[in-house]
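> Okay, predicted coordinates and the sequence, questions at the end:
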Amino acid sequence: MPPARTVLIADPDPGTVRLLAAPLRRRGYQVQAARDGARALQAAILRSPDLVLLDEGIPVLDARSLVRILRTNPRTERIPVLLTGLAVDRDRARLGTFLQKPLQLDEVLARIEQLFRRTEAARAAGESRELEGNLAQIPLVDLLQVLAMNRKSGRLVVERDGERAEVALREGRIVDARCGTAGAEKALWRLLSRREGQFAFAPGPPPGADRIDRRVEELILEGLRQGDELAPLLPLLPPADALLELADGADGIPPDLHPVTAEVVRLLATPRPLAELIDGCTASDLEAARAIHALLERGYARRRSAPVPPAPAPEFLAPASLHALRARVARGRASAGQTVGKVVVVGGGPLARDAARARLAAIPGFALA
């Protein structure tokens, strides 16, 4: 049986410790507590907890300084820290390392489990030559942070429904990405919106030149922000396969367009589907979608209407009319063993009369005199 994990609760509020300690112990965790930053640092160095639940308002040694010391000490640098506080730290909350007070017990327990899964993945990445799994088990955000924490170099391949995307890492830094026809940051931000798919990390020097030069945390936060803003915009756009074009040659489009909008206008010189238009734009999916929406809304671009298929030629005689015609002819006079009838075609010129004769001649059982 693996040893029980230890959670260090560094919080000056005894009520918070009481709220969390008993439920954590019932789940098999060992619990330590510290009411100020100095005691929390001592406990972290001497006892090596598996996780620190740290209140941002802790006295004596402030939370920021405590985290900085933990990250620079070889004994504590890999201990995950879950911050709590009254004011929302949106960036850390999006990265899964912040909870707002008052704490909700179920949310705290779920977040602790999430951080331990991330820790296990980091350990597996450090011990194994190749890391594989499913994004439903470990989200891509956590996976990239794990690889960054372990300073890994290699290619992270994500596959879903036959589509393949890649992220290249060099010593824990994201240096390139590819998703469909998109590359670099545009591809990475698109990939961060994925919640499903299989992944595999192959260690080794990443191929090609570095096309991304930003901190992993910064890239992830920007990608998550763009995904949040893009989601409500997509339902306002036509379907991905809808063909878009400039409206009436785009007369009246102002010359001083935003660079992204101007690029979209240039691409629309040739009508193309929405998905291809977004792919072809060098800007991010969010910026491209905003520009396309603005052009559609102002009437400078439009969705090309599908050509109306020609109406099928009407039947000369519908089945019910043919049955009625047969019945009337059958009641007529007989001549040389045949029933004779007369059909008068009204309207049309010689061509119409010839067409009517051909249609009547093609009816089984009819012979024209």
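Yes, it's here.

> Test my guess that Asp13 contacts Asp55.
Yes. Counting by C-beta atoms under 8 Å, Asp13 touches Asp55, with 7.1 Å between them. All C-beta atoms are positioned from the backbone trio N, CA, C, and that covers glycine.

> more neighbours, the two?
Taking other C-beta atoms under 10 Å, Asp13 and Asp55 do not tie; Asp55 has more neighbours (22 against 16).

> Okay, and the beta partners of that one?
Thr84 (DSSP bridges).

> thinking it is in contact with Leu8, fair?
No. Counting by C-beta under 8 Å, Leu8 is not a contact partner of Asp55; they are 11.6 Å apart.

> Just give me the neighbour total for Ile174.
With other C-beta under 10 Å as criterion, Ile174 counts 26.

> what residues are up against it?
Leu144, Ala148, Val167, Ala168, Leu188, Ile212, Arg214, Val216, Leu219 (C-beta atoms under 8 Å, 6 or more residues apart in numbering).

> In a helix, it, correct?
No. Counting by DSSP: H, G, I helix; E, B strand; the rest coil, Ile174 falls outside a helix, being strand.

> Quick check: which ranges of the stretch 251-369 of the chain have low pLDDT?
251, 306-341, 345-357, 359-369 (pLDDT under 70).

> what's around Leu277, how many residues?
For Leu277, using other C-beta under 10 Å, the count is 23.

> so how far is Val260 from it?
12 Å (C-beta to C-beta, to the nearest Å).

> who touches both of those two?
In contact with both Leu277 and Val260: Ala288, using C-beta under 8 Å, 6+ apart.

> of the contacts of Ile174, buried ones?
Leu144, Ala148, Val167, Ala168, Leu188, Ile212, Val216, Leu219 (16 or more other C-beta atoms under 10 Å).

> Sort out for me which of those are in strands.
Judged by DSSP state E, the subset of those located in strands is Val167, Ala168.

> ok, the buried ones among the contacts of Ile174 vs Glu287, which is closest?
Nearest to Glu287 among the buried ones among the contacts of Ile174: Leu188, at 14.7 Å, using C-beta to C-beta.

> can you map out the strands along the stretch 51-200 of the chain?
Here the stretch 51-200 of the chain has its strands, by DSSP state E, counting those that start in this stretch, at 51-55, 81-85, 98-100, 131-134, 154-160, 163-170, 173-179, 182-183, 198-203.

> In the fourth one, which residues are buried?
Of the residues in strand 131-134, those buried by neighbour count under the rule 16+ other C-beta under 10 Å are Leu131.

> likewise stretch 240-256?
Neighbour count says stretch 240-256 has Leu243, Leu244, Glu245, Leu246, Ala247, Ile253 buried, by 16+ other C-beta under 10 Å.

> Can you tell me which of these comes closest to Gln32?
Leu244 (60.2 Å).

> and the gap between Val158 and Ala165?
5 Å.

> so what sits against both of those two?
Leu191, Arg194.

> next one: the helix or strand hosting Ala22 to chain centre, how far?
Assigned by DSSP states H and E, Ala22 falls within helix 14-26. Centroid separation between helix 14-26 and its chain, computed with C-alpha atoms, centre = their mean, to the nearest Å, is 37 Å.

> Leu296 - how many residues pack around it?
Leu296, neighbours per other C-beta under 10 Å, totals 18.

> Counting by contacts, list what the host helix or strand of it packs against.
In the assignment (DSSP H and E), Leu296 maps to helix 285-297. With contacts defined as 3 or more C-beta pairs under 8 Å, 6 or more residues apart in numbering; DSSP states H and E, the packing partners of helix 285-297 are helix 184-191, helix 216-230, helix 259-267, helix 274-280, strand 301-303.
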